[in-house]
Structure formats: structure tokens, C-alpha cells
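next one to model:
(2 chains)
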Amino acid sequence: MSNPLSRRNVLGRLGALAAGLAALPVVKTAKAAVQKVLVSSNAPKGYDPTKHKWVMAIDINQCIGCGSCVEACKKENKVPEGPYFRTWVERYVIEKPKPGSGEARGQTHVDSPNGGMRGYPELPVAKEDIQHSFFVPKLCNLCHHSPCVQVCPVGATFDAPDGAVLIDPKYCIGCGFCIQACPYGCRFLNPVTKVAEKCTLCYHRITRGLQPACVEVCPTQARIFGDLKNPIPNDPIQEFYAKHRVSALKAHLGTEPRVLYAGADREVQ
Amino acid sequence: MSGEITNVVVEVMPHFEGFVYPNEATHHPLWSVLIVLYPYITGLVAGAFIMASLVRVFNVKALEPVYRLSMLTAFAFLLCAPLPLLFHLGQPFRSYQVMITPHLTSPMAIFGFVYAWYLMAVLLLELWFDYRRDLVEWSKTTSGFKGVLYRLFTVGVTDTSEQSVKLDHKIGHILSIVGIPSAFLLHGYVGFIFGSVKANPWWGNVLMPIIFIMSAMVSGIALCVLNYMILTWIRRRTVDMRCLDVMGMFLFYALVVDAAIEGLDWIHRVYSAEEGFQLMQYMAREKLFYTLNVGQALLGTLVPLLVLGGLQLFRHRVSDLARRRMYFASALLIVIGVLAMRWNVVIGGQLFSKSLRGVMSYKMEFAGMEGWFMAAVVLALPFVILTILVKLFLSEKLPTTGVGSDQPAATPA
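Numbers count the residues shown, from 1 in each chain, chains lettered A, B, ... in the order given. Got it, this is the predicted structure:
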């Protein structure tokens, strides 16, 4: 008869206990991963995230700085009043160089009061002293290597298979690490729900065949939205890529943004 | 019309110069004073434990009088280490998720495990093995509530045979050896939380974990110096000057390495002058002038370096009283200087926009979760716990045995 407290038995049981304990987080993580897609995405039933690859592109030359997109986003996504924005528009004013300064260009002024939602104050320089001025809409850059996803301690924010970077608001612990890690200032801590929030490309709309609110209201097609896996005839996003040379924001950080800009100046970061 | 708008802008955003991303225009930084205290307290734990390990692992006999006090200090502070984090979370009741569904690429996810390991597997166990024999003795001689507590702490193990005590020592020694890398891990990882943020040029730095570990050692040893001197003063005992001199020596050498590494960091920043360097310069000159140049560099590093360094050379020409005062003053300056360093890292890293085009200001409030009062409470709590621990485990009335039994209470006046 074997001794119930033999070395073999005890070691075996301890091993099983350790394996069980080690497997627990794996199971929970797997469950959480499934939940993320099912629960938090606001997607309708039957929506298959693996069959799409959503993306947005920005044509800076088209933006007139009307701020409609910012307002539409705030309304559509119930973004709280105050310094909280899923999208915003920056105004750049680059002065001419001072005569005899030997410089190629003058000072750069950037502002985005209230995200550009209510327009901009008077120009900081006289019109004749301006070399360039333009508007730059900003949103989540949909990075290939998202630092925000990397640093989340619980995995509440994640890369959806369809290209969106989403947050599970029921799961986020509100530590703010992702907000610190986003190089583009695209995230904020919602003062009401106390969890991190960001642009989702209006996930509840795009999964139902609609366009993001900002794209819908843009009067000049400065924002181009599309599905890279399902090109349509005369697809605006494919036309955009064919027509423009593009750049990404803060490319040196290696985040590889999927949101590409046409007509960005070197000052735009 | 445009004039009106300008006024609105000034009203809404009074704390900014230049351009900051709209989401950064909040009233106070996302990680405020509580997150300053978090690495500070964790650092004190790691430092105090390393200090105690000098006795156990490196057999520095002169430090025996502070061994138990250092261990209790580390324990008291470790109990409070997760509090500032917890209070700071937007959803504190979900904090357990970090333990049950950790996201393994996150530097923050492992904190729960490192913390639990350090608390349960290292500190608590080592303390218990250190005190086991004493607890058995005390539980026999003490009555009332204290006696019940001691009995509870023995966990029913009352064997005080020579063999069992020998085993206690052996296990304690092993735990201490395991504890040193654990302490480094605990705090180095805290440094990595900041060092890993590449979006922030003030933080994203390969040296950050090492800087954090070294400053932790410095602050922990300094805290032990202060605690030891204050305890002997309260008990009207004399300070063991040999012990104090040795502590001063270790404090000095740790400070030399710490200052060298932080200096190296700055030299590299200045020389490479990468993107955003002008902003860093502006921060050092304006926004962080007092906490960085005066608090951290001058008072927290340079002055103690000179005083402690001078004492290494001319110890025998300085009277005991003068030495005590110099050690106390240096330790106090270091403890404050390291707090300033944590402030400079955590708050400094959030006083400029990630657009690198503007800066924010931060004025601390008094009340509220992120105010002065809360910070003072969180910082005072470990001292309250330490007082209770000292009353229970470093009582003058109870005889002690084993490592560090030559404690302040036992040194006669």
C-alpha cells in the first residue's frame, strides 16, 4: 500500500496545485479576451471583426478648421465637456522668416482652443507675415505597435482584429498608464466613468455599415474612411493612397501609425 | 468676436504656456502627488531591506544594533506601498484584476506579484524566523492582549531547541540572500514603469531602473539612520557610534554611486541634446528649479556628499556629538532630496506637453484625493505602523536573542 505522504505523492500534489494556480490566470485571460470582443465592442450580432480592416486617412490640404468633426464626435460619443477629446483640430501658423535672419522660415504657432470645436482666435501674426497656415485633424493613430495596448496592466485596451484599438470600459481599472504611454495625446480619463477613453472610429457605427461621425459631417472630405479588406468601386481610401505621398506622426517612435497624413508639414507631430 | 474667444481660452486654460494637446489641458497631472509617494515609499522599503541585509548576508557586525529596526522599517513601509496606487486608480475596486488577469507586456502588471512575493515570501518570513524564538519566550512571560498577540504570532510553533534555532538562522540567511535581488526587482521594476514610456522623453530612459534602485538604497539607509537616532533619543539611550559611523560609510558610498549614475544620465541628456532638449532645459531652469537644482542636486546630493565624504576622511578629528549631528542632518537632507527626486521624475514628466510645444503648471490642492492632506496621511501612516511594531517587537522590557538582538533598547546608557 502506498504511503499517502510519500515524497512522490506530496510532490505530485504540490505540482498539480502549482499547475492549477499557474493555469488560472491563463484561463481568466483567455476568457477576458473573448469577452472583450463580445461584450465591449458595441458591435451588432453577426459582425465578424476578422473580415474588415478599418482605417482613416487625413488630407490636411482639405481641412478648413470648421470644427464640425470635433463637435460631432463629442455628441455622438457623449464625450464630457472640458478638456476631453477623441478627436480635435490643431491650427498651425508658420511665419515668414525675419528679413536678413538667414532662416528658411519663421516661428511656428500652434493652437487648438477647446479642440477647435468653436473656432480659433484671431491670428497671432499679421496676414502678410504668414508663410503657411493649415489645420490638422487629430485622432487615434491606430498604431501597428500601440504603446497604449502594450502597457495596459490588465489588457483592458486591445487591438481588435479589424484595426480598431478599443477599450473595455467594464474592465479598465483607470490607472492612466495608457494615457501616459500614448505619444499623440489621444487618450483621456473620463471624469464621469473614471476609465480611459479614446477614439474608437465610432465602432458602434462602422460595424453597422455607417461612417464615423467625424467623417460623416466633414464638409471637405479631409477625413477619408475605408475598409482595406473590402474595397468598393472608386474607393476613396484607395484613391487617397494612390493620389498622395503620405507621412505618419512621430514616426521615429516606432509605433507605426496606420492613420496616414497627406500634406503634413515637418512641424506637425 | 475673436477677442471674446481669446478671453475664453485664457479663462479655461490658465496653467499653460505654448501649445499642449487638448487632452493634456487638465487641471492637475494625471499622475499626481500620490504617484510621487508610491516610488518613494517602495524605495524606502528596498533601501531599508538592503541595509538589514548588510548584517545578515554580508556579516557587517557593526550594524547589528539597527538590524531589527531596519527590518521593521521595511515591513511598515511595505504595508503602505500599494496604498497610493490604490487610492489613485479610477476604479480601485477592480484592482484585483491586475492579479488575476495580468497583461504580461505591461510593466505595471507584475507589481502585484513582485509585491506579494516580497511581502509574503521574503519580509514576513524572514521577520518570523528572526523573531520565532523570542516570540515563544515573550508569549510565556507576557500577559494580556500583548501576550495573546505574541502567542498568535508563534503560529503554534513553540520549539526552541538549539537545533530548531540553528535552522531559523539558516533559513533567515537564505531568505535574506533571496531578498536582495527581490528588493532590486521590486524597485527596479518601479523605475521601469517610468523608463518604459517612450512617449515621454523625460521618462523613457534605459538608466531609469538603476537610478531608482540606487536612490532607493540611499533613501532607505538614510531613513534607518534617522529612525535609529530618533529611537535612541526617545529612549534616552546612547547611540552606538561605531554602528552610526558604519551606516554613514555605506550611506556615503551608495550616494556616490547614485550621484554618479544620475550625473551620467544628465551628461548624456545634455550632450546628445535630442528632441525636446530645449524643453528639458526650460524645465530645469524654470518649472523644477527649486525641486531639481536646490532640493535634489544641491541639498539632497551635494551637501550630504561633502559632509559624509568629509567624515570618511576626518572622522577621528570630529567629536561624537558633532558627528551625530552631521549624520542626522545628512540623512534628513537625503530623505528629503530623494522625495524631491521622485517629484521631479513623476511631476516633471507631466509638466510639458507630449507635443513638445508647451508646458503646464501644477499647484497642489490641500483637500481631496490628490491633495496635501492625503499625501501627508499616506506618508505618515508607515511611521504610525512602525511605532506600533517597535512597541511590540523592539520593547525595552523584553529580552531578545539571535541576529540583531543587540538592539537600541539593549544598549545601556
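
wait, what's in contact with the residue in the stretch 51-200 of chain B that chain A sits nearest to?
Nearest to chain A, among the residues of the stretch 51-200 of chain B, is residue B:90, at 1.9 Å (CB to the nearest CB). In short, each C-beta sits where N, CA and C put it, glycine included. Contact analysis of residue B:90 by CB atoms under 8 Å, 6 or more residues apart in numbering or on different chains lists A:172, A:173, A:174, A:175, A:176, A:189, A:193, A:194, A:195, A:196.

which stretches of chain B have low pLDDT?
Applying pLDDT under 70 to chain B flags residues B:1-14, B:402-413.

quick one: secondary structure of the residue nearest in space to the middle of it?
For chain B, the residue nearest the mean C-alpha position is residue B:44 (2.1 Å; CA atoms, centre = their mean). Following DSSP: H, G, I helix; E, B strand; the rest coil, we place residue B:44 in the helix state.

and residue B:158, backbone torsions?
phi -120, psi 10 (degrees, to the nearest 10).

how far away is the closest residue in space to it that isn't next to it in sequence from residue B:124?
Closest residue to residue B:158 apart from its sequence neighbours, by CB to CB, 6 or more residues apart in numbering or on different chains: residue B:136 at 5.1 Å. As judged by CB to CB, to the nearest Å, residue B:136 and residue B:124 stand 18 Å apart.

who has more neighbours out of those two?
residue B:136 (19 against 14; other CB atoms under 10 Å in any protein chain shown).

please identify which helix or strand holds that one.
Element membership for residue B:136 (DSSP states H and E) is helix B:125-141.

who touches the following helix or strand past that helix?
Next helix or strand after helix B:125-141 toward the C-terminus (DSSP H and E): helix B:144-154. Contact with helix B:144-154 is made by B:128, B:131, B:132, B:135, B:136, B:138, B:139, B:142, B:392, as judged by CB under 8 Å, 6+ apart.

of all those, which two lie farthest apart?
B:128 and B:142 (17.6 Å; CB to CB).

now do the SS call for the residue in the stretch 151-269 of chain A that chain B sits nearest to.
Closest to chain B within the stretch 151-269 of chain A is residue A:174: 1.9 Å, counting by CB to the nearest CB. Assigned with three-state DSSP, residue A:174 falls in the coil class.

again with residue B:201
With three-state DSSP as the basis, residue B:201 sits in coil.

surely it meets residue B:278?
No - judged on CB atoms under 8 Å, residue B:201 makes no contact with residue B:278 at a distance of 11.1 Å.

how many neighbours does residue 233 have?
No chain in the question, so chain A it is. Neighbours of residue A:233 (other CB under 10 Å): 5.

that answer is for a different chain, and I need it for chain B
14.

please report the distance of residue A:223 from residue A:167.
For residue A:223 relative to residue A:167 (CB to CB), the value is 22 Å.

who's more crowded, residue B:201 and residue B:278?
Taking neighbours as other CB under 10 Å, residue B:201 and residue B:278 compare with residue B:201 leading, 19 against 10.

need the contact list for the more buried one.
So residue B:201 contacts B:274, B:275, B:276, B:280, B:356 (CB under 8 Å, 6+ apart).

these also near chain A: which ones?
Among those, the ones lying near chain A by CB under 8 Å from any CB of the partner chain are B:275, B:356.

and the contacts of residue B:201, which are buried?
Buried subset of those (neighbour count, 16 or more other CB atoms under 10 Å in any protein chain shown): B:276, B:280, B:356.

many thanks, I have nothing further to ask.
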